[in-house]
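>>> 3D model of this:
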Amino acid sequence: MELDKNEFILWERSANVKIKFAKIAGRLYITNKRIIFSPYVGKNFDICLKDIEDVEITGRLFKRLKITAKGKEYAFLTKGVKNLLLLIKNLVKKIKQ
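Prediction:
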């Protein structure tokens, strides 16, 4: 995983992501510019913070962080989703100012 110039990691943790019907295990990184998911098998993908349309917590027993960006939905299952939600909302707000 390569970071852009002036980009740094703010948060990192193991996570699973659900995209449509696929569930993928890997590591989730939050930087000051984007969200990066690095699966244990396969290619990394990222979500630019400026492209995020909505962020919310879903699920009853297992809380998931649902991110909507460019019309796609990503559901991340990881520890500390409440704090992660606040972090992402603050970063998005800062970038869109």
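>>> can you name the residues in contact with stretch 43-58?
1, 33-38, 63-71, 74-75, 81-82, 85, 88-89, 91-92, 95-96 (C-beta atoms under 8 Å, 6 or more residues apart in numbering). Quick note: C-beta positions are derived from backbone N, CA and C, even for glycine.
>>> of those residues, buried ones?
Listed as buried from the contacts of stretch 43-58 are 33-38, 63-67, 69, 74-75, 81, 85, 88, 91-92; burial here means 16 or more other C-beta atoms under 10 Å.
>>> now do the contacts for residue 70.
Residue 70 neighbours (C-beta under 8 Å, 6+ apart): 51, 53.
>>> residue boundaries of the strands in this structure?
In the chain, strands defined by DSSP state E lie at 9-19, 22-31, 34-39, 45-48, 52-58, 64-69, 72-77, listed in chain order.
>>> mind giving me the packing neighbours of the first one?
It refers to strand 9-19. strand 22-31, strand 34-39, strand 72-77, helix 81-95 (3 or more C-beta pairs under 8 Å, 6 or more residues apart in numbering; DSSP states H and E).
>>> let's go with 6 Å and repeat that
strand 22-31, strand 72-77 (3 or more C-beta pairs under 6 Å, 6 or more residues apart in numbering; DSSP states H and E).
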